[in-house]
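Novice: generate coordinates for the sequence data below:
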Amino acid sequence: GSISPSGVVSVPQGGNQTFTITPNAGYLIANVLVNGQSVGALSSYTFSNVQANQTIHAEFTQITYTITATAGAGGSISPSGVVTVPQGGNQTFTITPQAGYLIANVLVNGQSVGALSSYTFSNVQANQTIHAEFTQITYTITATAGAGGSISPSGVVTVPQGGNQTFTITPQAGYLIANVLVNGQSVGALSSYTFSNVQANQTIHAEFTQITYTITATASSGGSISPSGVVSVPQGGNQTFTITPNAGYLIANVLVNGSSVGAVSSYTFSNVQANQTIHAEFTQITYTITATASSGGSINPSGVVSVPQGGNQTFTITPNAGYLIANVLVNGSSVGALSSYTFSNVQANQTIHAEFAQITYTITATAAAGGSISPSGVVTVPQGGNQTFTITPNAGYLIANVLVNGQSVGALSSYSFSNVQANQTIHAEFTQITYTITATSGSGGSISPSGVVTVPQGGNQTFAITPDAGYLIANVLVNGQSLGALSSYTFSN
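Specialist: Below is the predicted model:
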């Protein structure tokens, strides 16, 4: 500013002198010093009745305004704080983001002037404010997960430039982590993944697979199981199998992990926690034909023969050598002397029984008086059979002859017919065993009977000794031994 008049001003003794103090544009009178003493910020000062030399000095101060400069996190503004700017002056501010940040906005007196890196206040006529806002340079990591689990954090995750971000991959119950894809590339089945020093947008995707177990379902011939083969079942899941027999078959058994659960038509595995097996077994609906044969032949097949429902079964009846088929009984009813019989379209249990009769011949055995033949009478002998006859004389008899079919075979005590192929006869003849008693007498009498007398073995014979008239029995000699003058003598046995 200025003071007028200025410089060394001459004032007469006792005179008065007025000074005018005028600030320049943009300035204010700060102080007026008279003789070194402040008289205040006066725009005019008058010395009155001047009696000595004096001084007057005017001081000025600029008119200033403040610009308050602030910055949010992530950068700075320079100069900062409360910046004094002279009225009408200019002031430039430089906005600088920190590494990893961008200028987001600059507010001048609360109004956005944009994301400027520099701002100049021109011809400042009032207090002002300037505020710089910054935003981190961020990238997005898009985190997704397939069915069966989750990734945390998920969705579009903002990560500052150069920052790190960890993702946790968690399978649901019954699932496993199958794979983790980072920017489309597999990094393996990880439960955690960290992006370090992020400098670009990224993606992470977690894939899961159910924990599954296999149930191997098989069936024997005669039916099916559904589903069949190797069936995958999620952990804790349930799986039902249906067992269906073919026509003419029944479910025989169902084995679960090798153990029988019975002949069930359906089986459900519940809360599966391990690999399992199921196997269905079937059996034909069968009926039995009980095949029997009497002695003398055979039936083939024999015994209890199983025949599938609706099936056919032929039986062959064969007589043994020397036998004939006598009859065949099917379910107890005769179907004749058949050598073969076929059951067709069997729908129930059945029986078949073959009866045989021997081919026989007769041997007629007879014996004359004096003995016996055994066996006797009409004796039946099977064709090709053998038959022995025993010929036995009675006491006191001998076998005289044996006639076979009318021909003598001698005085045999036994005779065997071998490989009999026709009717035969056998006849035994006997003769008594006898002894002779020779009876004689001297003159003067008689013995009766006399001469050579035949007596059967074991028999008795009495002799009467009779003297003639005028004679007496003098003696009787038996086998030369005297027995006395007996009138009668009996030989016994």
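Novice: what residue ranges in the protein score low on pLDDT?
Specialist: The model of the chain has no residue with pLDDT under 70.
Novice: center of it, which residue is that?
Specialist: Centrality entry for the chain: nearest residue to the mean C-alpha point is residue 277, 0.8 Å, by C-alpha atoms, centre = their mean.
Novice: any idea how far that one is from residue 53?
Specialist: Distance of residue 277 to residue 53, computed by C-beta to C-beta, to the nearest Å: 129 Å. No exception for glycine: its C-beta is placed from N, CA and C like everyone else's.
Novice: ok so, going back, what residues does the host helix or strand of the residue nearest to the centre of the chain touch?
Specialist: In this structure, residue 277 sits in strand 276-284 according to DSSP states H and E. With contact meaning C-beta atoms under 8 Å, 6 or more residues apart in numbering, strand 276-284 is reached by 213-225, 241, 243, 245-246, 248-258, 267, 269, 306, 308-309.
Novice: keeping just the C-alphas, turn the helix or strand that that strand is followed by into PDB.
Specialist: Using DSSP H and E, the next helix or strand after strand 276-284 towards the C-terminus is strand 286-293. C-alpha atoms of strand 286-293 as PDB (Å, rounded to 0.1, in the frame of the first residue of the first chain):
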ATOM      1  CA  THR A 286     -40.500-128.300 -11.400                       C
ATOM      2  CA  TYR A 287     -42.700-131.200 -10.700                       C
ATOM      3  CA  THR A 288     -41.600-134.600  -9.700                       C
ATOM      4  CA  ILE A 289     -42.300-137.900 -11.400                       C
ATOM      5  CA  THR A 290     -41.600-140.700  -9.100                       C
ATOM      6  CA  ALA A 291     -40.400-143.700 -11.200                       C
ATOM      7  CA  THR A 292     -40.300-147.100  -9.500                       C
ATOM      8  CA  ALA A 293     -40.000-150.700 -10.800                       C
END
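Novice: from the chain's centre, how far out does whichever helix or strand comes after strand 286-293 sit?
Specialist: Using DSSP H and E, the helix or strand that follows strand 286-293 towards the C-terminus is strand 297-300. Relative to its chain's centre, strand 297-300 lies at 46 Å (C-alpha atoms, centre = their mean, to the nearest Å).
Novice: buried residues, strand 297-300. List them.
Specialist: Residues of strand 297-300 classed as buried: 297, 299 (neighbour count, 16 or more other C-beta atoms under 10 Å).
Novice: equivalent analysis for stretch 173-185, please.
Specialist: 175, 177-182.
Novice: and which of these is nearest to residue 425?
Specialist: Among those, residue 175 lies closest to residue 425 (C-beta to C-beta), at 104.0 Å.
Novice: is the closest one in a bridge, and if so with what?
Specialist: residue 210 (DSSP bridges).
Novice: hang on, isn't it packed against residue 206?
Specialist: No: judged on C-beta atoms under 8 Å, residue 175 makes no contact with residue 206 at a distance of 10.5 Å.
Novice: shared neighbours, the two?
Specialist: residue 149.
Novice: and the helix or strand where residue 207 lies, which residues are buried?
Specialist: Element membership of residue 207 [criterion: DSSP H and E] is strand 202-210. Buried residues in strand 202-210, counted by 16+ other C-beta under 10 Å: 202, 204-210.
Novice: following that strand in sequence, what is the next regular element?
Specialist: Counting by DSSP H and E, what follows strand 202-210 is strand 212-219.
Novice: ok, then the element right after that next one?
Specialist: Assigned by DSSP H and E, the successor of strand 212-219 is strand 223-226.
Novice: output the contacting helices and strands for the helix or strand just after that next one.
Specialist: Remark: after strand 223-226, the chain's next helix or strand is strand 229-234, criterion DSSP H and E. Using 3 or more C-beta pairs under 8 Å, 6 or more residues apart in numbering; DSSP states H and E, the elements in contact with strand 229-234 are strand 212-219.
Novice: name the helices or strands packed onto the strand it packs on?
Specialist: Counting contacts by 3+ C-beta pairs under 8 Å, 6+ apart, strand 212-219 packs against strand 223-226, strand 229-234, strand 239-245, strand 276-284.
Novice: contacts for it, please.
Specialist: Strand 212-219 has contacts (C-beta under 8 Å, 6+ apart) with 225, 227-235, 239, 241, 243, 269, 272-282.
Novice: buried residues in it?
Specialist: Neighbour-count burial for strand 212-219, counted by 16+ other C-beta under 10 Å, picks out 212-213, 215, 217, 219.
Novice: thinking again about what came up before, buried subset of the contacts of strand 212-219 as a PyMOL selection?
Specialist: Provided next is the PyMOL selection string for whichever of the contacts of strand 212-219 are buried by 16+ other C-beta under 10 Å:
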select buried, resi 225+231+233+234+235+239+241+243+269+272+276+278+279+280+281+282
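Novice: hang on, the earlier thing: distance to residue 58 for the buried residues of strand 212-219 - can I get that in TSV?
Specialist: Output for those, formatted as TSV (distance: C-beta to C-beta, whole Å):
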residue	distance to residue 58
212	99
213	103
215	109
217	113
219	121
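Novice: relative to residue 362, which of the residues you listed is nearest.
Specialist: Scanning the buried residues of strand 212-219 for proximity to residue 362, where the rule is C-beta to C-beta, the winner is residue 219, at 65.6 Å.
Novice: please report how far that closest one lies from residue 244.
Specialist: Distance from residue 219 to residue 244, by C-beta to C-beta: 9 Å.
Novice: overlap in contacts of these two?
Specialist: In contact with both residue 219 and residue 244: residue 225, using C-beta under 8 Å, 6+ apart.
Novice: circling back to that earlier point, how far does the strand holding residue 207 sit from the chain's center?
Specialist: The chain centroid and the centroid of strand 202-210 are separated by 33 Å under C-alpha atoms, centre = their mean.
Novice: that strand vs strand 229-234, what angle?
Specialist: Interaxial angle, strand 202-210 versus strand 229-234 (axes from the mean of the first three to the mean of the last three C-alpha atoms, to 10 degrees): 120 degrees.
Novice: so which elements touch strand 202-210?
Specialist: So strand 202-210, by 3+ C-beta pairs under 8 Å, 6+ apart, packs with strand 138-145, strand 149-152, strand 165-171, strand 175-182, strand 192-195.
Novice: can you list contacts of it?
Specialist: Residues contacting strand 202-210 (C-beta under 8 Å, 6+ apart): 139-151, 167, 169, 171-172, 174-184, 193, 195, 234-235.
Novice: wait, doesn't residue 339 sit right on residue 317?
Specialist: Yes: look at residue 339 against residue 317 with C-beta under 8 Å: they come within range, at 5.3 Å.
Novice: need the overlap of contacts for these two.
Specialist: Taking C-beta under 8 Å, 6+ apart as the contact rule, residue 339 and residue 317 both touch residue 325.
Novice: more crowded one of those two?
Specialist: Under the criterion of other C-beta atoms under 10 Å, the comparison of residue 339 against residue 317 puts residue 317 first, with 23 against 13.
Novice: residue 120 contacts residue 89, correct?
Specialist: No: here residue 120 lies out of contact with residue 89, judged by C-beta under 8 Å, at a distance of 10.7 Å.
Novice: who has more neighbours, the two?
Specialist: It is residue 89, of residue 120 and residue 89, that has more neighbours when counted by other C-beta under 10 Å, with 18 against 10.
Novice: so what's that one up against?
Specialist: 64, 123-124.
Novice: equivalent analysis for residue 232, please.
Specialist: 212-214.
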